[in-house]
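**Q** Build me a structure from this.
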Amino acid sequence: MYSGFSGRQRIGNVTQVNDPNTSWVNMEPHWGLIETMLTGTYGIRKGHRKFLFQEPRELDEAYDNRLSRSVLSPFYVRLERMLAGMLTRKPVRLDDVSDVIREQLFDVDLQGNDLQSWLFQTSKICIRYGHVGVLVDAPKAGDNGRPYWISVSPRDILGWRSELKDGKQELTQLRLQEKIVVPDGLYGEKQVEQVRVLTPGAFEIHQKDQQGDFKVVDEGRTSLSAIPFSVAYSNRMGVLESIPPLADIAELNLQHYQVQSDLSNQLHISAVPMLAIFGFPQSAEEISAGPGEAISLPSESDAKFIEPAGNSYDAQFRRLEQIASQINELGLAAVLGSKLVGETAEAKRIDRSQGDSTMMVVAQQMQDMIDNCLRFHAEYMQEPNAGSSLVNRDFMGTRLEPLEIQALLQLYTAGTITQETLLLQLEAGEVLGDDFDVENELEATQNGGLIEMNTPEPTPEPAEERTMPEAEEVEGAE
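**A** I've put the predicted structure just below:
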């Protein structure tokens, strides 16, 4: 219901600029449950009977009480955040990037986020939906400003067209859905929907008016010959098509929520024992019982509390533990390729050669996307060299063992590897600190450990200036 293609493809009827295409229509059902998981308990309660079914003959009041006691465990949210954190565990390394662009990447999206923070947020979108797009935008010609990067969710990519050119798929048209906030009156503001239509070297802005129609409010040319849009995939199905890789995790998270709701409701009902009276005449007056009361019963009558044995609850508790274990194992095994529960450090080290394959693909995709964005950024800035990037691939954070360090030192001493290779390996193995700079260390050691200081020359004293004419006279006399 919530994951996997239904088998029957739905066709998108594209007649207006804001109509999504067929691929968007078929991907959209996979996003609903995941987006609900992000809102937590409050969001899933708003779904009511869509996510928590009402039992037959269950009163609406009883269902509302059960719904208010049901709590969603944040398995999916934490797993998504953890996987994105693996990619950004170490800073992105930039090579041959100009100082101007490198400085601008400290505020890459003009929202105060540097490249590292921006990558964390962008990779979460990629893992959540199956892919993510990035638009490198820039102000119009003549306006002050600089290029900046905009992360675009698949929900906002309404349609596209592509062609095969020189063995590579290139976008020829792209429609992006946007929502902007504009002033309304003296102090208010309102949200306006618009669609940005991009073609190679040109753009159009279609804005929704009060009648609900989209009209062109802005258009122009760009300085780039291609659409400055790059894509990274975590579970690719086609061009700008994907399936969320954690869809099954979201399904299990929903099942955990439903089973936990049933168990909590049963524990709530059975927590208070029921008073049963045997052999008491039905014609007698109503009986009340409480901690400060006593009951007078006829002879041969009996009263006792009835409560369930609770044997069935153990099975439900085990079921909850089983679902939680499946979530942990499925999430880490399906995305990382290795089970990280109950394994020894040596087993993890052995599995690293094949266990990180999926995350390695995601890291490579994000790295290629950053490289493309750097190329678009450099073209806007008319910089000759765009440079390249390197995204972290050491997800587990394994530190080099002392024997491995000793082996590297022996290779360096024997002249098999250079000092730069040694330092790079020690840095990758987390032996050196995060602030360690290999280039500065190499320069310092080449200078014998000394760093050149730019000391200003001493200012001549006035007395020395007064002796200059005397010196000239002596020279003239000679």
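**Q** Work out for me the element residue 207 sits within.
**A** strand 202-208 (DSSP states H and E).
**Q** Does that strand pack against any helices or strands, and if so which?
**A** Applying 3 or more Cβ pairs under 8 Å, 6 or more residues apart in numbering; DSSP states H and E, one finds that strand 202-208 contacts strand 188-199, strand 214-221. Yep, even glycine has a C-beta here, placed from its N, CA and C like the rest.
**Q** which of the residues in the longest one are buried?
**A** By neighbour count, with 16 or more other Cβ atoms under 10 Å as the criterion, the buried positions of strand 188-199 are 194, 195, 196, 197, 198.
**Q** With residue 248 as the reference, measure out to the closest residue to the first one other than its chain neighbours.
**A** Just to be clear, that refers to residue 194. The shortest distance from residue 194 to any non-neighbouring residue, by Cβ to Cβ, 6 or more residues apart in numbering, is to residue 207 (4.4 Å). In this view, residue 207 and residue 248 are 40 Å apart by Cβ to Cβ, to the nearest Å.
**Q** Residue 33 now?
**A** Applying Cβ to Cβ to residue 33 and residue 248 gives a distance of 11 Å.
**Q** Comparing these two, which shows the higher neighbour count?
**A** Neighbour count, other Cβ atoms under 10 Å: between residue 33 and residue 248, residue 33 has more, with 22 against 17.
**Q** And for the host helix or strand of that one, what's in contact with it?
**A** Per DSSP H and E: residue 33 is located in helix 32-38. Helix 32-38 is touched from outside by 2-3, 43-44, 47, 51, 72, 76-77, 128-129, 244, 246-247, 250-251, 253-254, with contacts defined as Cβ atoms under 8 Å, 6 or more residues apart in numbering.
**Q** and the residue most central in space within the chain, what helix or strand is that in?
**A** Nearest to the geometric centre of the chain sits residue 124, at 1.4 Å (Cα atoms, centre = their mean). Taking DSSP H and E as the definition, one finds residue 124 inside helix 115-129.
**Q** Check the offset of whatever helix or strand comes next after that helix from the chain's centre.
**A** Counting by DSSP H and E, the next helix or strand C-terminal to helix 115-129 is strand 131-137. Per Cα atoms, centre = their mean, to the nearest Å, the displacement of strand 131-137 from the mean C-alpha position of its chain is 14 Å.
**Q** nearest residue to residue 202 other than its sequence neighbours?
**A** residue 221 (5.4 Å).
**Q** Let's see the pLDDT reported for that neighbour.
**A** If you check residue 221, the pLDDT there is 90.
**Q** Correct me if wrong: it contacts residue 199.
**A** No: the pair residue 221 and residue 199 does not pass the contact test of Cβ atoms under 8 Å, sitting 10.1 Å apart.
**Q** still on that earlier bit, and the contacts of the strand holding residue 207?
**A** 17-18, 192-197, 214-222.
**Q** Bridged to residue 216, which residues?
**A** Counting by DSSP bridges, residue 216 forms beta bridges with residue 206.
**Q** ok, it to residue 139 distance?
**A** As judged by Cβ to Cβ, residue 216 and residue 139 stand 19 Å apart.
**Q** for residue 358, same thing?
**A** 39 Å.
**Q** Looking at the two, which one has more neighbours?
**A** Neighbour totals were compared for residue 358 and residue 139, and residue 358 leads with 18 against 12 (other Cβ under 10 Å).
**Q** Tell me the spacing between that one and residue 77.
**A** 20 Å.
**Q** try residue 315
**A** Taking Cβ to Cβ, one finds residue 315 at 28 Å from residue 77.
**Q** and if you look at residue 49?
**A** Using Cβ to Cβ, we find residue 49 at a distance of 23 Å from residue 77.
**Q** Where is the longest strand in the chain?
**A** strand 168-184 (DSSP state E).
**Q** partners of it, with directions?
**A** Assessed with DSSP bridges, strand 168-184 is paired to strand 157-165 (antiparallel), strand 188-199 (antiparallel).
**Q** Present these as CSV; the columns should include mean pLDDT.
**A** Shown next, in CSV, are the strands paired with strand 168-184 (pLDDT from 0 to 100):
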stretch, mean pLDDT
strand 157-165, 92
strand 188-199, 94
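**Q** Distance to residue 440 for these - can I get that in CSV?
**A** What follows is these, written out as CSV (distance: least, Cβ to Cβ, whole Å):
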stretch, distance to residue 440
strand 157-165, 43
strand 188-199, 42
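**Q** I figured residue 98 was touching residue 374, is that so?
**A** No: applying Cβ under 8 Å as the test, residue 98 and residue 374 come out as separate, 9.8 Å apart.
**Q** Give the intersection of the neighbour lists for the two.
**A** Counting by Cβ under 8 Å, 6+ apart, the common neighbours of residue 98 and residue 374 are residue 387.
**Q** Show me the shaky parts of the stretch 351-478 of the chain.
**A** 351-357, 396-399, 430, 433-435, 447-478 (pLDDT under 70).
**Q** at 50 instead, please
**A** Counting by pLDDT under 50, the stretch 351-478 of the chain has low-confidence residues at 351-356, 450-455, 464-478.
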